[in-house]
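Asker: Everything below, folded, please.
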Amino acid sequence: MTMRTWLKTTACKTIVTCGVIIVSVAQVGAVPLPDRQDRDMDWRRVATEADRGRLRGWRGAWIDALAQVDPKEVAGDPILFNPDRSLVDPLPPEGAYRCRTYKLGARAGIGPTFTMSGWFACRIGTGDDDGEKVVSLVKLDGSQRPVGTIFADTNARAVFLGTMELGDEKRPMRYGRDANRDMAGLIERIGAKRWRVVLPYPRFESVLDVVELVPAN
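Answerer: Numbering: from 1, shown residues only. Below you'll find the model as predicted:
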C-alpha cells in the first residue's frame with residue numbers, strides 16, 4: 001500500500017510542550033499515552049536515530065524539494081514555502097481548523113513534483129490526563145491517520161514524532177516500532193492565525209510534506 005501522508009486523513013494527534021501534552025484522540029476515545037517517564041523526555045532521546053537524522057536535515061529537504069518544483073507552483077504563497085518562516089508561539093490554540101497537504105519533490109525522480117490536497121476539517125481540543133493538559137488535533141475524514149506527540153524545541157518551533165494509523169485499525173502503533181509508519185516533522189507558526197507541519201524526507205513519494213493549518217472561521 002502506498003501511503004499518502006496527511007492527505008484526506010481522519011485522526012488526532014498529540015502534542016507535548018514544556019509539560020503540555022498534545023495527545024492524539026481517536027473519534028471514539030483516546031489513544032494510549034506514552035509512559036509517564038517518556039512524556040518528560042527531550043525529543044532527541046525519544047526520536048529514533050533515523051528520525052533525528054531527518055529532522056537535522058530539514059533545511060536540506062527544503063532545498064532538495066524546491067529544486068524540483070516549478071517556481072510558479074510556489075510563487076503564489078511565498079510565506080508558506082519560505083523555509084525560514086517561523087514565528088514565536090508555534091502551537092495553535094483550541095478550535096476548529098482547516099488543513100491541507102502539499103507534497104514537494106519526488107523520491108528517486110518518480111512521480112509528480114508538486115501536489116496539493118483539498119481542504120479537510122480538523123479540530124484542536126483540550127482535555128486533562130492525570131493532571132496534565134492534553135490537547136488533541138483531530139482530522140475528520142480519511143483512512144490514513146497521523147497520530148503522535150509534539151515536543152517543545154524552541155520558542156518558534158516544536159517537534160512532531162508520531163506514526164500512521166491505517167484503515168480500520170483501532171489504535172495507533174507505538175512510535176519506533178515500524179520505521180515505515182514513523183513520522184517526524186516540525187510545527188511552526190507562519191502568520192497571525194496560520195501554522196504548518198513540515199515533514200522532511202517522508203517515507204514515501206515526496207521529498208518534503210508541508211501541512212497548512214488555519215482556523216475554520
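Asker: I figured residue 167 hits residue 145, correct?
Answerer: No - counting by Cβ atoms under 8 Å, residue 167 does not reach residue 145; the two are 9.3 Å apart. Heads up, the C-betas are built off the backbone N, CA and C, glycines and all.
Asker: Pick out whichever of the two has more residues nearby.
Answerer: residue 145 (26 against 8; other Cβ atoms under 10 Å).
Asker: Low-confidence ranges, the protein, go.
Answerer: By pLDDT under 70, the low-scoring segments of the chain are 1-41, 125-142, 144.
Asker: Walking through it, point out its strands one by one.
Answerer: For the chain, applying DSSP state E gives strands covering 10-14, 16-17, 20-21, 25-26, 29-30, 95-104, 114-116, 120-129, 132-140, 144-154, 157-166, 182-191, 194-200, 208-215.
Asker: Report the angle between the last one and strand 95-104.
Answerer: Spelled out, it's strand 208-215. Computed by axes from the mean of the first three to the mean of the last three Cα atoms, to 10 degrees, the angle separating strand 208-215 from strand 95-104 equals 160 degrees.
Asker: Show me what strand 208-215 is packed up against.
Answerer: helix 58-68, strand 95-104, strand 194-200 (3 or more Cβ pairs under 8 Å, 6 or more residues apart in numbering; DSSP states H and E).
Asker: what about 6 Å?
Answerer: Applying 3 or more Cβ pairs under 6 Å, 6 or more residues apart in numbering; DSSP states H and E, we find strand 208-215 packed against strand 95-104, strand 194-200.
Asker: Out of those, which is closest to residue 79?
Answerer: The minimum distance between residue 79 and the helices and strands packed on strand 208-215 falls on strand 194-200, with 7.8 Å, by Cβ to Cβ.
Asker: and the angle for that closest one with strand 95-104?
Answerer: Using the same axes, to 10 degrees: strand 194-200 against strand 95-104 is 40 degrees.
Asker: Now find how far off-centre strand 194-200 is within its chain.
Answerer: 6 Å (Cα atoms, centre = their mean, to the nearest Å).
Asker: List the strands paired with it, with their directions.
Answerer: Paired strands of strand 194-200, with direction, are strand 182-191 (antiparallel), strand 208-215 (antiparallel) (DSSP bridges).
Asker: picking up where we left off before, most tightly packed of the helices and strands packed on strand 208-215?
Answerer: strand 194-200 (a mean of 23; mean count of other Cβ atoms under 10 Å).
Asker: circling back: tabulate the strands paired with strand 194-200 (a markdown table), appending mean neighbour count.
Answerer: Formatted as a markdown table, these follow (neighbours: other Cβ atoms under 10 Å):
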| stretch | mean neighbour count |
| --- | --- |
| strand 182-191 | 22 |
| strand 208-215 | 22 |
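Asker: Of those, give the one that comes closest to residue 77.
Answerer: strand 208-215 (8.7 Å).
Asker: Specify the angle between the closest one and helix 58-68 in degrees.
Answerer: Computed by the same axes, to 10 degrees, the angle between strand 208-215 and helix 58-68 is 100 degrees.
Asker: any idea of the angle strand 208-215 forms with strand 144-154?
Answerer: Using the same axes, to 10 degrees, strand 208-215 lies at 90 degrees relative to strand 144-154.
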